[in-house]
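In: My questions concern the predicted model and sequence given below.
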Amino acid sequence: MATVMGVFAHPDDETFIAGGTFAKLAAEGHRVVIVCATRGEMGRRLGVPLRATRESLGALREQELREACAALGVSRLVLLGYRDKEVEMVPEGEATARIESLLAEERPASVVTFHDPLGGHPDHAAVGRFATLAFERYRRVADHARLFYVAWGDDLAAFRRYPQPAKALVEVDVRAHRRQKLMAFRAHRTQSELDRAIWGNDEKAVHRMRDREYFVLTQGPNLKRPGTLMD
């Protein structure tokens, strides 16, 4: 079994974007490590009904993240402690070195992060840039490793407009792991309570979870099996 590392910006990124895939990998016996740059303390949602103040939101979202990771089967969670909405201001060398150190420690076969700039949010793009730079250094000693960017659908065209190579689209079938993903969604209460369908009938809520998640292989060997992040 191998290790996969997800490098994201905010609590809930790991669940809303790739939770089914991480749950699937964990169920298959792989070690899942999540690195989160911030505690999400500047998020606009404070819960419905109100669960947090601006001052207490960071601690609450960190606890939600820990509960979500437990639901997904994550083996290790690392918080980098950067300020929410200011990740792009972190010195590039510092952030890259911290992520590179974690890569050297964990030796992942696959790394999942955001594309810069297709991650959308400035924090997403910044952490994706840092993770990409760290991965490029890591591959000097781990030429087997692969880097994936999260994708919002099955279209590679947008990625091919940028210098990073888009070697292949990976479509992961996560239907068997939607219940774990739902539990992780619910763990992120402050962010998910606005969607009442998530908090209604369990079976209906499970079926509201996406049954496919998408990733773009950008660096590393080609995959032998098209529907997985691991060979």
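Out: Happy to help now that I have it.

In: Run the chain-centre distance for the helix-or-strand element of the chain with minimal mean pLDDT.
Out: Counting by mean pLDDT, DSSP states H and E, the chain has its least confident helix or strand at helix 189-192, which shows a mean of 86. Helix 189-192 has its C-alpha centroid displaced from the chain centroid by 17 Å (C-alpha atoms, centre = their mean, to the nearest Å).

In: residues in contact with the helix or strand following that helix?
Out: Going down the chain from helix 189-192, the next helix or strand is helix 202-208, by DSSP states H and E. Outside helix 202-208, the residues that touch it by C-beta atoms under 8 Å, 6 or more residues apart in numbering are 178-179, 182, 197-199. No exception for glycine: its C-beta is placed from N, CA and C like everyone else's.

In: Shouldn't residue 97 be within a helix?
Out: Yes - assessed by DSSP: H, G, I helix; E, B strand; the rest coil, residue 97 belongs to a helix.

In: so who does it touch?
Out: residue 134.

In: Next, find the distance separating it from residue 130.
Out: In this structure, residue 97 and residue 130 are 9 Å apart, going by C-beta to C-beta, to the nearest Å.

In: got the residue ranges for the strands in this structure?
Out: For the chain, the strands defined by DSSP state E cover 3-8, 31-38, 76-82, 110-113, 146-151, 168-173, 212-219.

In: Can you say which of those strands is packed in most?
Out: Greatest average neighbour count among the strands of the chain goes to strand 110-113 (a mean of 28), per mean count of other C-beta atoms under 10 Å.

In: How far does that one sit from its chain's centre?
Out: 8 Å.

In: which residues sit against it?
Out: Here strand 110-113 makes contact (C-beta under 8 Å, 6+ apart) with 2, 4-8, 18, 21, 103, 127-128, 131-132, 135, 138, 145-150, 215, 220, 229-230.

In: next one: stretch 134-153
Out: Residues from elsewhere that reach stretch 134-153, judged by C-beta under 8 Å, 6+ apart: 17-18, 96-97, 99-100, 103-104, 107-115, 118-119, 128, 131-132, 159, 164, 169-170, 213-221, 223, 229.

In: So residue 11 sits against residue 59, correct?
Out: No - the criterion here is C-beta atoms under 8 Å, and residue 11 misses it with residue 59 at 11.0 Å.

In: which neighbours do the two share?
Out: Common neighbours of residue 11 and residue 59 (C-beta under 8 Å, 6+ apart) are residue 39.

In: So for those two, which residue has more residues nearby?
Out: residue 11 (31 against 12; other C-beta atoms under 10 Å).

In: For the residue nearest to that one when sequence neighbours are not counted, give its distance to residue 84.
Out: With C-beta to C-beta, 6 or more residues apart in numbering as the criterion, residue 11 has its nearest non-adjacent residue at 3.7 Å, and that residue is residue 65. Separation of residue 65 from residue 84 (C-beta to C-beta): 12 Å.

In: Of these two, which one has the most company?
Out: A direct count of neighbours by other C-beta under 10 Å for residue 65 and residue 84 places residue 65 higher, at 27 against 19.

In: what's near enough to touch the more buried one?
Out: Taking C-beta under 8 Å, 6+ apart, one finds 11-12, 14, 36, 39-40, 77, 79, 187-188 in contact with residue 65.

In: re earlier: what residues are shared contacts of residue 65 and residue 84?
Out: Common contacts of residue 65 and residue 84 (C-beta under 8 Å, 6+ apart): 39-40.

In: With that, I have no additional questions.
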